[in-house]
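A.B. asks: model this:
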Amino acid sequence: MYRAEFELETITPLFMRGADQSKAEFRPASVKGVMRWWFRALTHAVLLGNVGEKDALSIVKGLESKLFGSTGQRSRVLIRTSFKKKGEVDVRELGARYLSFGLSGGGLVGTARIELLSHKREYLEMAKVVAEVAFAFGGLGARTTRGMGSVQPLGEGVTPLYLKNVYQSAVEVVGDYFGYNLNRASKAELPEFPALHPRFFRVKLGSEKYTVPYGSGSALSAIEREFHRFRHSGPEHERMIKGRWISYRITAQYDAVKKAYNGDSNVELPYSAFGLPHQYNFFSSNVRGLMIEGEVHGRRASPVRFKVVRDSNGKYRVMIIYLKYRFLPADERLKVRIRRNTLAKGIPQPDYSAVERFVGNFSGLEVFQ
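C.D. replies: Modelled structure (predicted):
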């Protein structure tokens with residue numbers, strides 16, 4: 001039996017729930033789900049440009065079933081987990097109300113131990129580098145794309161060199177397994193699924209350093225402010241709340257969404273490229289729960305992920321991961337609805353201009369250059 005072991009520390013609280021949704025619980029199934037996602041992104045990158053995309057997706061699916069199991073097929077890699085809990089942090093104490101939208105209760109803080117076991121060396125080596133990539137660039141639990149559940153190997157300081165070494169090692173192991181080198185000259189179009197390929201994978205390590213990872217004056221609260229400011233860069237509005245006038249800024253595409261609400265499909269919604277569904281409320285019109293979705297695909301993952309890391313000097317920094325992929329099929333459009341009532345459809349799908357402007361404006365070091 002071959003094995004690999006990881007000890008991870010939580011940098012920001014992680015939000016996991018078991019059968020009892022009222023209690024925080026560290027679950028092996030959640031770890032396996034995270035590893036599946038990063039496995040696809042990693043293997044897809046190596047196959048991209050070496051085989052056709054349809055064949056690549058079939059190959060990835062077949063190996064994923066071997067490693068992590070599928071209906072009628074047992075996993076060749078066993079995942080064991082344990083968690084040494086230091087405490088829980090209420091979501092209201094994170095300093096990230098906007099980024100933690102939809103979460104409630106406490107998030108786990110502590111140290112996770114994850115053990116991978118397999119009877120085949122090549123499967124264990126593959127699972128090991130997938131885990132290294134997942135823990136270097138991703139997180140665990142809910143809202144990991146927005147900075148919750150950031151983890152890193154215990155005692156490891158995150159630096160550009162560390163990130164490059166993790167990536168290069170993983171690409172080499174996967175490449176050796178498939179018999180391909182990473183095709184950096186690939187002219188492939190946007191991949192259907194996120195791929196850690198240099199053409200579509202961008203990582204920036206923030207310039208600003210913080211003494212705390214979350215809470216007031218933290219790295220997490222800083223990216224909260226920056227992201228919220230970017231998306232709410234429209235004109236200032238006012239509304240009455242409990243007898244007081246409150247000033248607030250609306251989103252940059254507020255007017256376009258308002259037109260769609262009134263049935264106009266000839267609008268542009270570039271900020272919806274940050275992920276679907278995209279929800280709006282128009283308090284002035286007493287409209288709540290207006291949803292922007294694909295006409296077929298209701299949910300699309302954001303191409304931008306946030307993570308909080310601790311560097312080699314013990315300071316905390318924000319890391320942005322940008323994975324550019326085919327947001328929707330070419331012939332699919334957006335729709336706007338409230339509950340089951342579709343108000344507008346046939347809206348052009350967004351390009352990545354707003355996303356790339358946000359990533360480009362973020363002050364930080366490009367890791368892969």
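A.B. asks: which secondary structure elements does the helix or strand residue 307 falls within contact?
C.D. replies: Using DSSP states H and E, residue 307 maps to strand 304-310. With contacts defined as 3 or more CB pairs under 8 Å, 6 or more residues apart in numbering; DSSP states H and E, strand 304-310 has these neighbours: helix 219-231, strand 316-323, helix 353-361. Backbone N, C-alpha and C define where each C-beta goes, glycine included.
A.B. asks: could you pull up the mean pLDDT of it?
C.D. replies: In this model, strand 304-310 has a mean pLDDT of 99.
A.B. asks: among the helices and strands packed on strand 304-310, which is the most enclosed?
C.D. replies: strand 316-323 (a mean of 23; mean count of other CB atoms under 10 Å).
A.B. asks: returning to what we had before: neighbouring contacts of the strand holding residue 307?
C.D. replies: 11-12, 99, 137-139, 144-147, 150, 152, 157-158, 205, 213-214, 218-220, 223, 227, 274, 316-323, 355, 358-359 (CB atoms under 8 Å, 6 or more residues apart in numbering).
A.B. asks: same thing but at 6 Å, please
C.D. replies: Contacts with strand 304-310, where a contact means CB atoms under 6 Å, 6 or more residues apart in numbering, come from 11-12, 145-147, 150, 152, 158, 213, 219-220, 223, 316-317, 319, 321-322, 355.
A.B. asks: thinking again about what came up before, and residue 198, which of the helices and strands packed on strand 304-310 is closest to it?
C.D. replies: With CB to CB as the measure, strand 316-323 is the member of the helices and strands packed on strand 304-310 nearest residue 198 (11.8 Å).
A.B. asks: just want the angle from that closest one to helix 219-231.
C.D. replies: 50 degrees (axes from the mean of the first three to the mean of the last three CA atoms, to 10 degrees).
A.B. asks: quick check: next helix or strand after strand 316-323?
C.D. replies: With elements assigned by DSSP H and E, the helix or strand that comes after strand 316-323 is strand 334-338.
A.B. asks: direction included, what does that next one pair up with?
C.D. replies: strand 287-294 (antiparallel), strand 341-347 (antiparallel) (DSSP bridges).
A.B. asks: buried ones in the shortest one?
C.D. replies: Counting neighbours by 16 or more other CB atoms under 10 Å, one finds that the buried residues in strand 341-347 are 343-344, 347.
A.B. asks: quick one, helices of the stretch 101-250 of the chain?
C.D. replies: 121-137, 160-178, 219-231 (DSSP state H, counting those that start in this stretch).
A.B. asks: counting contacts, what elements does the shortest one pack onto?
C.D. replies: When you say that, I think you mean helix 219-231. strand 304-310, strand 316-323 (3 or more CB pairs under 6 Å, 6 or more residues apart in numbering; DSSP states H and E).
A.B. asks: chain center to it: distance?
C.D. replies: When distances are taken as CA atoms, centre = their mean, to the nearest Å, helix 219-231 is centred 16 Å away from the chain's centroid.
A.B. asks: who touches it?
C.D. replies: So helix 219-231 is contacted by 12, 95-96, 98-99, 147, 210, 213-214, 251, 271, 306, 308, 316, 318, 358 (CB under 6 Å, 6+ apart).
A.B. asks: excluding chain neighbours, what is closest to the residue nearest in space to the middle of the chain?
C.D. replies: Ranked by distance to the mean C-alpha position of the chain (CA atoms, centre = their mean), the top residue is residue 145 at 2.9 Å. Nearest residue to residue 145 in three dimensions, chain neighbours excluded: residue 305, at 4.5 Å (CB to CB, 6 or more residues apart in numbering).
A.B. asks: compute the number of surrounding residues for the one you found.
C.D. replies: 20 (other CB atoms under 10 Å).
A.B. asks: measure it to residue 144 for me?
C.D. replies: Residue 305 is 7 Å from residue 144, where distance means CB to CB, to the nearest Å.
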